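J.: I need the structure of the sequence given here:
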Amino acid sequence: MSDLDKFNVEQQARQRAGDPHRISPYHEMINRYLRTFSYVDPYVPAPARTPVAAARPAADPATAGTVIVGVDDMPTSHVSVDQAAIEAELHGAALLIVHAGAPPRDPRLLEHLTERVRSFAPSVPATTQVTVGMSPAELLLAAAGATDLIVVGHRHGRARGALRRSVADHVAAEHTGPVLVVREPGWPPGPELATRPLVVGANGSAASTRASEFAVQEAKARGCDIVRLRVTKEPVEELDRTDRIGGVTVRSRTVAGNPVNEIVDASSRAAAVVLGRSAGRGRLSSVDRAVLHHAHCPIFFVG
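T.: Predicted coordinates:
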């Protein structure tokens, strides 16, 4: 059993024992979300039930910014909107649901998605936008402010060549603010999702430092812990350590191996992965791009 496995077992044991640290805002939201939709298959829209009151008072969206999520006619857009609404409620932000290109085949698509948000996150102000003549990536980048969070879906098996980047590739590389790339499979896995940590890729760069700072704020909002994962080419004698940063428990680990393989492996036991991207490149690094295409959980890219 790896250290991260042991870590997660410990957290689940604490939850079963009634540890109040595990009763977090994110935990309450995930449970409310699952109760609302009684998910069996996260890609099949379920009828909305009676809204449940918000778990905590929302902040002022005027000062908290906006979460922008891109959607299309695919059922997986529900997964992107769901996670975008959760982020908006966590941070007291407004939600903007956007569709670019030809009008959606279902003329009520955006109305359905807005109703879906209201069913489990009624405190989130949700608006919609349809734009013709722009690509999805162009619309998302144009709609977002410098620090707004963009949420975009990415389907397994849809990786493209270097000359034809996916929407997620494009947006993650070029947005100046944070981007959340939503993976298709297995979301949400169940209430245990809320007990999982955020996993941050740490390599000592300025980009990874920004990622760690973002992760602390995100973990604070969620009420979860962080695992800082440093991957080296050769084994090093560096003991794992646990710190308390900004009120968040941060466990630092160093492992030897391939960065992509280690981060992708850790992603199967994480609530989300957080990666820093270098400013001004306009293109993701080979490691970032590989993780985007193979991770098992959502990925934050932080500029």
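
J.: what about the stretch 1-150 of the chain, any weak spots by pLDDT?
T.: The model of the stretch 1-150 of the chain has pLDDT under 70 over residues 1-23, 39-64.

J.: quick one: the helices in it?
T.: Listed in chain order, the helices found in the stretch 1-150 of the chain under DSSP state H, counting those that start in this stretch are 3-16, 25-37, 61-64, 77-91, 109-120, 136-143.

J.: Now do the second one against helix 77-91, angle only.
T.: Think helix 25-37. 140 degrees (axes from the mean of the first three to the mean of the last three Cα atoms, to 10 degrees).

J.: Show me what helix 25-37 packs onto, helices and strands only.
T.: helix 77-91, helix 109-120, helix 206-222 (3 or more Cβ pairs under 8 Å, 6 or more residues apart in numbering; DSSP states H and E). The way it works is simple: take the backbone N, C-alpha and C, and place the C-beta from them, glycine included.

J.: okay, those helices, which one's buried deepest?
T.: For these, the largest average neighbour count (mean count of other Cβ atoms under 10 Å) is found in helix 77-91, namely a mean of 25.

J.: Next, format the helices of the stretch 1-150 of the chain as TSV and append distance to residue 282.
T.: What follows is the helices of the stretch 1-150 of the chain, written out as TSV (distance: least, Cβ to Cβ, whole Å):
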stretch	distance to residue 282
helix 3-16	33
helix 25-37	33
helix 61-64	28
helix 77-91	24
helix 109-120	30
helix 136-143	12
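
J.: right, so of the ones you listed, which gets closest to residue 225?
T.: Shortest distance between residue 225 and the helices of the stretch 1-150 of the chain, using Cβ to Cβ, is found for helix 3-16: 7.1 Å.

J.: so what's the nearest residue to residue 241 once chain neighbours are set aside bridging to?
T.: Among residues not flanking residue 241 along the chain, residue 252 sits closest, at 5.2 Å (Cβ to Cβ, 6 or more residues apart in numbering). Beta bridges link residue 252 to residue 228, residue 241 when assigned by DSSP bridges.

J.: picking up where we left off before, TSV for the helices and strands packed on helix 25-37, including distance to residue 270?
T.: Output for those, formatted as TSV (distance: least, Cβ to Cβ, whole Å):
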stretch	distance to residue 270
helix 77-91	14
helix 109-120	23
helix 206-222	11
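
J.: nearest to residue 200, of the helices of the stretch 1-150 of the chain?
T.: Using Cβ to Cβ, the helices of the stretch 1-150 of the chain put helix 3-16 closest to residue 200, at 12.6 Å.

J.: quick one on the thing from earlier: quick one, grab the pLDDT at the residue nearest to residue 241.
T.: Looking at residue 252, its pLDDT stands at 97.

J.: Just list the residues touching it, thanks.
T.: Shown in contact with residue 252 (Cβ atoms under 8 Å, 6 or more residues apart in numbering): 202, 227, 228, 230, 240, 241, 242, 243.

J.: how close does it sit to residue 169?
T.: Remark: distance between residue 252 and residue 169 (Cβ to Cβ, to the nearest Å) = 29 Å.
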